[in-house]
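In: What would the 3D arrangement of this be:
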Amino acid sequence: MNARLFLLLVFAAALAQAQPQIRHGGVVNAASYFAVASGSNPISPGSFFVIFGSGLGPANIAIGSLPFSTQLPDANGTSVRFSGNGKNYDAFMYYAVGNQISGIVPSSVPPGGYNVTVTYNGKTSNPENIVVVKANPGIFTRNQAGSGLVKAQVYRTSTDYFEPTLTAPAAPGQTVVLYGTGLGAVNAPDNDAPGAVQVTDPVTVYINGSAVQPFYAGRSPQYPGLDQIDFVLPADLVPGCYTDVIVGVAGASSNVVAIPTAAAGAAACTHPFGLTAASLAKLDNGGTVNVGALLLLPGITMDKSTTPNDIALAAFFNANADQLFLATKQLQDPNQPPEPVAAGKCAVWDVFGPSTPGSNLDVATWGAEIAPSTISLSAPGGKTLALVPAKDLGAGGGYASLGAAGTFAAGTYTLQANLGGNGSVSAPMTLPTPLSWTAPPADNSPVTRSAISASWTGGGTIVTIGGQSSGNNTGKRFACGFNGADGKGTAPAAVGNQLPANAAPDPNGSNQMALLSSGYGTIAPVGKLDGGMTVWGSGSAHSVVWK
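Out: Residues are numbered from 1 along each chain as shown. Okay, the predicted model is just below:
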């Protein structure tokens, strides 16, 4: 196995400038690439980091060899120093190239605030403020950008393993090996092969929100800085192309990534866009597919407005694997937690660091738009809702309809579009009575964690009670599924008591209780359209103080 598979190498053509410059917010975990606007980017001892900027190294890539040194001889001595609390710590260097360098934070660096500087060609950069935390896990992905499908190995037997893809999915009961960085310090070399050394803090893998305990979580024996997490996929897993995976340790959580899963022996995973195995093979091989989407959101508030609206969004686009993953997440995120929860089940997971990609709808990021010559949305009662270019409503791409709450009645809606040579689409979707929270909590009111209850009318087959409590850069999210027809539900005390208590309202609105319901369907392939996704979602969230 080659460690270079797991680290992004960006080759620069420009010559290094005389004075190295670190980009503000440019010091990040090498797997998740998580950065925050303030520039106080959390990284952990013993982990790989990446620094972005200019003039950081030579025009041609220089790569260190084991054992790593604190300087790269082939890069005019490029080095990185962490300075704080009156002490200096030099990183072990992995590679350097004009606008990007990478190395390992020594395990001896204690948590706290530091200035990071880069020295290249005898000149030292501007200092960049960063925070070293006990752990900040990141998971490597196939696109080497911290999102989408995970870079992993799946074992059928101890000697028969493969890399999971859309057409080679993992199955429940199989062993998965994730690769990442940031699980924390170890008592082993940070510049040379460390051996099989587990981290001291317990590590949890969340699969669709359900906690799984790995049987190994620590350094990959042959490579410093590189972590591996070995676990078994749950036997009761509900499979799909984008099974969510999050790694949690010491109150911190990783980037949200996905592993394709399916029943044992399946030729491909089940995709939310209804794609065939042949279409999924295109994506696995770096190709693109033509897809469509219809989203109905009755009673949704936009931005900071307190007035609910009924929103419809339709789009057709040509997407590669990464773009389609992003589109799927953006379509799902407004309507449910990233981890789907069945009726009678609950999930609790750590929150800190990156969230699921794409919480804001932005069709422009989904791929090249396919413009229909005609498009409309028929509604119950013989009505037709006009779909206009979303840019006319101040939004991104696609076609949208915006109305006051109550515009969308329960019943069947049909998206009709003429895509020219790509085919003519007629995609129905049934919208139930929108979910209505009978007595939602007043904003910033107290809610007892051991008795989180809600009652409702409307909604779909499953209604989710969820929420989040966070503080001091850590916290918990939860989601519990209930039968929609029951009209009420209470999260178990064992779930709610895991949420941190709040002393006062959070001005950032991070402490919330939500009631949500959603449903999904597919658009049948037609002409050159490979498939599509229909989504409806309704619900609301309120800022609360967890007691």
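
In: Tell me how this protein divides into domains.
Out: The chain resolves into domains spanning 3-132, 138-259, 277-338+357-434+518-539, 436-517 when parsed by automatic domain parsing.

In: Reformat the ones you listed as JSON lines; add distance to V545, mean neighbour count and mean pLDDT.
Out: Quick note: C-beta positions are derived from backbone N, CA and C, even for glycine. Shown next, in JSON lines, are those (distance: least, C-beta to C-beta, whole Å; neighbours: other C-beta atoms under 10 Å; pLDDT from 0 to 100):
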{"stretch": "domain 3-132", "distance to V545": "25", "mean neighbour count": "19", "mean pLDDT": "85"}
{"stretch": "domain 138-259", "distance to V545": "20", "mean neighbour count": "20", "mean pLDDT": "94"}
{"stretch": "domain 277-338+357-434+518-539", "distance to V545": "19", "mean neighbour count": "19", "mean pLDDT": "87"}
{"stretch": "domain 436-517", "distance to V545": "5", "mean neighbour count": "18", "mean pLDDT": "90"}
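
In: Reformat the ones you listed into a markdown table and put distance to D350 next to each item.
Out: What follows is the domains of the chain, written out as a markdown table (distance: least, C-beta to C-beta, whole Å):
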| stretch | distance to D350 |
| --- | --- |
| domain 3-132 | 14 |
| domain 138-259 | 4 |
| domain 277-338+357-434+518-539 | 13 |
| domain 436-517 | 6 |
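
In: Among those domains, single out whichever gets nearest to G265.
Out: domain 138-259 (7.7 Å; C-beta to C-beta).

In: Can you check the distance spanned by the closest one, start to finish?
Out: By C-alpha to C-alpha, to the nearest Å, the extent of domain 138-259 from end to end equals 15 Å.

In: How far away from the center of its chain is that domain?
Out: Distance, stretch centre to chain centre, for domain 138-259: 15 Å (C-alpha atoms, centre = their mean, to the nearest Å).

In: got a list of what N60 touches?
Out: By C-beta atoms under 8 Å, 6 or more residues apart in numbering, the contact list for N60 reads V97.

In: same check, this time on K528
Out: Per C-beta under 8 Å, 6+ apart, neighbours of K528: 290, 419, 421-423.

In: give me that answer again for 10 Å
Out: Counting by C-beta atoms under 10 Å, 6 or more residues apart in numbering, K528 makes contact with 289-290, 318, 370, 419-423.

In: Give the bridge partners for the closest residue to S373 other than its chain neighbours, please.
Out: Of all residues not flanking S373 in the chain, N418 sits nearest, at 4.8 Å (C-beta to C-beta, 6 or more residues apart in numbering). For N418, the beta-bridge partners are T374, S424 (DSSP bridges).

In: got the contact list for N418?
Out: 372-376, 424-425.

In: Tell me which of the domains of the chain approaches G344 most closely.
Out: Nearest of those (C-beta to C-beta): domain 436-517, 6.7 Å.

In: who touches the host helix or strand of S378?
Out: Element membership for S378 (DSSP states H and E) is strand 374-379. Strand 374-379 has contacts (C-beta under 10 Å, 6+ apart) with 294, 296, 312, 314-316, 383-389, 398-401, 407-409, 411-419, 424-429, 431.

In: from the chain's centre, how far out does it sit?
Out: For strand 374-379, the distance from its own C-alpha centre to the chain's C-alpha centre is 32 Å (C-alpha atoms, centre = their mean).

In: Following that strand in sequence, what is the next regular element?
Out: Note on strand 374-379: by DSSP H and E, the next helix or strand toward the C-terminus is strand 383-385.

In: so what strands line up beside that next one?
Out: Here, using DSSP bridges, strand 383-385 pairs with strand 374-379 (antiparallel).

In: out of the contacts of K528, which one sits closest to P164?
Out: V289 (19.3 Å).

In: Please look at the closest one and A368 and confirm they touch.
Out: No. V289 is not in contact with A368 according to C-beta atoms under 10 Å; the separation is 11.6 Å.

In: anything in contact with each of these two?
Out: 317-320, 323.

In: any idea which of the residues you listed is closest to T276?
Out: Nearest to T276 among the shared contacts of V289 and A368, with distances taken as C-beta to C-beta, is A319, at 15.3 Å.

In: now that closest one, nearest residue through space, not along the chain?
Out: The shortest distance from A319 to any residue other than its chain neighbours is 3.4 Å, reached at G367 (C-beta to C-beta, 6+ apart).

In: could you check the distance from the one you found over to T534?
Out: 18 Å (C-beta to C-beta, to the nearest Å).

In: what residues are up against G420?
Out: G420 neighbours (C-beta under 10 Å, 6+ apart): 370-373, 527-528.

In: quick one on the thing from earlier: take the contacts of N418 and write them to a markdown table, including distance to G475.
Out: Putting these into a markdown table (distance: C-beta to C-beta, whole Å) gives the following:
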| residue | distance to G475 |
| --- | --- |
| P372 | 43 |
| S373 | 49 |
| T374 | 48 |
| I375 | 42 |
| S376 | 44 |
| S424 | 48 |
| V425 | 42 |
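
In: List just the nearest of those residues to V232.
Out: V425 (41.6 Å).

In: Tell me which residues touch that closest one, please.
Out: 292, 294, 314, 316, 372, 375, 414-419, 523-527, 529, 532 are the contacts of V425 under C-beta under 10 Å, 6+ apart.

In: what does A314 give?
Out: 292-296, 363, 372, 375-377, 387, 390, 398-401, 415-417, 425, 427, 532, 534.

In: That one pairs with what?
Out: L294, Y399.

In: swap in P389?
Out: Applying DSSP bridges, one finds that P389 bridges with Y399.

In: now do G112
Out: Beta-bridge pairing of G112 under DSSP bridges involves V132.

In: That one and G84 touch, don't they?
Out: Yes. The criterion here is C-beta under 10 Å, and G112 meets it with G84 at 5.6 Å.

In: which residues are common contacts for those two?
Out: Joint contacts of G112 and G84 (C-beta under 10 Å, 6+ apart) are 131-132.

In: picking that back up, nearest to T270, of the shared contacts of V289 and A368?
Out: Comparing the shared contacts of V289 and A368 against T270 with C-beta to C-beta places A319 closest, at 17.8 Å.

In: wouldn't that closest one be in contact with H271 here?
Out: No. Applying C-beta under 10 Å, one finds A319 not in contact with H271, separated by 11.8 Å.

In: Common neighbours of these two, please.
Out: 283, 289, 291, 328, 530.

In: Next, give me the two most distant ones among the residues you listed.
Out: Largest pairwise distance in the shared contacts of A319 and H271, by C-beta to C-beta, is 14.0 Å, between T328 and D530.
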